[in-house]
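> generate coordinates for the sequence data below:
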Amino acid sequence: MVSSPPIPVGVRLPLASDRLPPAQLLGMCRAALEMGYSSFWVGDHVLLPETSASAYPHTEDGQRPFRADTPWLDPLLTLTWLAAQLPEARIGTSIIIMTLRKPALLAKQIASVSWLTERPISLGVGTGWLRDEYDAVGMPFERRGTRARSDIAEIKQLISAGNRSYSVHVEGDEPAEKPFLMRPTAPAPVEFLWGGFSRMAMRLIASSCDGWLPAKQSLEALERYRGHLKAACDDVGRDFSELRLVAKPGSGPDPRSGPIDKDNLAGYAELGFHEVVLEMPYEPNGLADAVETLERVAARTWL
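Residues are numbered from 1 along each chain as shown. Take a look at the predicted model:
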């Protein structure tokens with residue numbers, strides 16, 4: 001009989017590869033559920049330059065831990081595919097770079113996923129770090145944090161109320177506000193979990209989000225940032241206990257760090273985190289290798 005971890009443990013899925021084709025990725029997910037893992041999360045990039053002057057923020061040397069030709073599936077399409085085959089699994093993004101996309105189009109995608117899957121979505125969101133990617137898709141890199149706040153408000157209104165006014169140009173007239181409808185709306189809850197831990201990020205979470213999904217940090221750093229977040233909530237009159245806190249285990253911030261065991265899992269629970277997400281290696285060497293990683297973590301943590 002499978003025992004349960006002290007707090008739920010989700011899995012950030014590996015990236016697409018010839019060594020882990022769709023059928024094997026699905027097999028890995030089924031094995032994870034049998035071991036007691038609770039949810040599946042997917043990351044995001046649209047385009048990657050072969051070279052870039054942008055420093056990756058989560059490694060000491062600023063080098064990204066994946067190649068430019070690494071296959072990144074569209075996160076929302078992946079979640080829809082996964083949910084159709086694993087009706088018992090919870091799903092989320094960790095993270096989707098929301099400001100690479102127009103908010104109305106992203107709202108349409110989110111509402112569609114919600115309607116098709118009929119289950120809650122944990123939408124880990126952020127603004128990313130790669131200027132080249134913004135340039136390639138034609139979105140502004142500057143002030144993306146400020147835009148994120150208004151984008152979240154727009155998306156939330158569209159997926160819940162299904163209406164919003166937009167400024168449109170009518171031939172022969174000045175631009176005018178015109179009401180629009182969007183259907184379907186999202187029938188299941190969609191929570192927005194912000195991925196940063198800067199002071200600006202804490203203010204954004206307190207005013208606009210449903211929770212926090214920071215990059216890997218030590219428990220000591222997370223405790224300090226958690227204090228900043230609570231202070232930001234106090235500043236705007238937000239009840240801190242309303243927020244859902246999700247951590248990525250590891251001493252961080254390098255993705256290659258990621259020990260998870262009974263002791264540090266208990267430490268995340270003591271800090272008030274409601275769930276942790278195990279970041280799988282980006283490209284495991286096939287199904288057996290991926291399952292072995294899941295078994296090793298589960299064995300030292302709760303099995």
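> can you give me the strands in the stretch 201-303 of the chain?
For the stretch 201-303 of the chain, the strands defined by DSSP state E, counting those that start in this stretch occupy 211-212, 244-247, 275-279.
> tell me the contacts of Arg300?
Ile260, Asp261, Lys262 (CB atoms under 8 Å, 6 or more residues apart in numbering). Placement of C-beta: from N, CA and C, glycine included.
> now it: how far from Phe273?
Distance, Arg300 to Phe273, using CB to CB, to the nearest Å: 19 Å.
> again with Lys102
32 Å.
> what's the answer for Ser198, then?
Counting by CB to CB - Ser198 and Phe273 are separated by 19 Å.
> for these two, indicate the residue with more neighbours.
Phe273 (23 against 11; other CB atoms under 10 Å).
> okay, now the unreliable bits of the stretch 151-300 of the chain?
For the stretch 151-300 of the chain, the stretches with pLDDT under 70 are 251-259.
> please repeat the previous calculation with a cut-off of 90.
Along the stretch 151-300 of the chain, segments meeting pLDDT under 90 span 169-176, 196-197, 215-218, 249-266, 281-282, 296, 299-300.
> can you pull out the helices in it?
Listed in chain order, the helices of the stretch 151-300 of the chain (DSSP state H, counting those that start in this stretch) span 199-208, 219-236, 262-270, 287-301.
> with distance to His58 added, can I get those in JSON lines?
JSON lines is the format used below for those (distance: least, CB to CB, whole Å):
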{"stretch": "helix 199-208", "distance to His58": "15"}
{"stretch": "helix 219-236", "distance to His58": "13"}
{"stretch": "helix 262-270", "distance to His58": "19"}
{"stretch": "helix 287-301", "distance to His58": "20"}
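> please identify the deepest-packed of those.
Ranked by mean neighbour count under mean count of other CB atoms under 10 Å, the helices of the stretch 151-300 of the chain are led by helix 199-208, which reaches a mean of 20.
> and the contacts of that helix?
Contacts of helix 199-208 (CB under 8 Å, 6+ apart): 145, 148-149, 152-153, 192, 194-196, 211-212, 225, 228-229, 231-233, 235-236, 238, 243.
> thought Phe273 was touching Pro249?
No: judged on CB atoms under 8 Å, Phe273 makes no contact with Pro249 at a distance of 9.7 Å.
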